[in-house]
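Enquirer: next come a sequence and a model predicted from it.
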Amino acid sequence: MSSLLDLDHDTMGEKCPSCNALRYLNPDMVLKTNEKCYHQICDTCVRHNYENGQARCLIKGCEKILRMQDWRTAFFGDLDVEREVDVRRRVARVFNQTGDDFESLQAYNDYLDMVETLVFDLNLSATMPSTRPRSSAAAARLPRPRARPPAARRRAEAAAARRREARELDLEE
């Protein structure tokens, strides 16, 4: 159990916007973040309001429908960093090509520039719908990445190729 002495000055003022519970009065309070709207509320409010399925966000003015499983403890203290990491993770699922997938270094650099621009746009305006068509259109323009075998399979195939070459050299001698 943590004591008030363990909390630094910044976290002492944290409070749940839904129930107005202060961390100063409840040091064990955990603020949960939702990646759909990035609002934070305490774990108690999450359990009380979302245990029966889905409900509207508790923050005034937010109309998003959220579920219990959407809430998680923020890994980073800064919500802007948390949002950027989540955006990068979602973008990396679609735009996952490497330098080997491109014919030239310039084409790969253009691809990386396009991905960074997309991450910046999505991070800047996560709620703006104008960036969604752009990301799907950009994904459609890209060539599909080649399927790569798992690393263990590639190593086994390389070892088998080396053994075949060694046998061929032995047969020639």
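Expert: Arrived safely, thanks for sending. Numbering: from 1, shown residues only.
Enquirer: which residues touch the residue positioned nearest the centre of the chain?
Expert: Centroid-nearest residue in the chain: residue 86, 2.7 Å away (criterion: CA atoms, centre = their mean). By CB atoms under 8 Å, 6 or more residues apart in numbering, the contact set of residue 86 is residue 35. The way it works is simple: take the backbone N, C-alpha and C, and place the C-beta from them, glycine included.
Enquirer: distance of it from residue 73?
Expert: 14 Å (CB to CB, to the nearest Å).
Enquirer: can you pull out the low-pLDDT segments for this protein?
Expert: For the chain, the stretches with pLDDT under 70 are 1-13, 126-152, 173.
Enquirer: quick one, strands of it?
Expert: Using DSSP state E, the strands of the chain run over 31-34, 40-42, 54-56, 65-67, 71-73.
Enquirer: can you tell me what sits against the second one?
Expert: Outside of strand 40-42, the residues within contact range by CB under 8 Å, 6+ apart are 16-19, 21, 29-33, 58-59, 71, 74, 79.
Enquirer: neighbouring strands - and their directions - for it?
Expert: When pairs are called by DSSP bridges, strand 40-42 turns out to pair with strand 31-34 (antiparallel).
Enquirer: roughly how far apart are residue 110 and residue 21?
Expert: Using CB to CB, we find residue 110 at a distance of 50 Å from residue 21.
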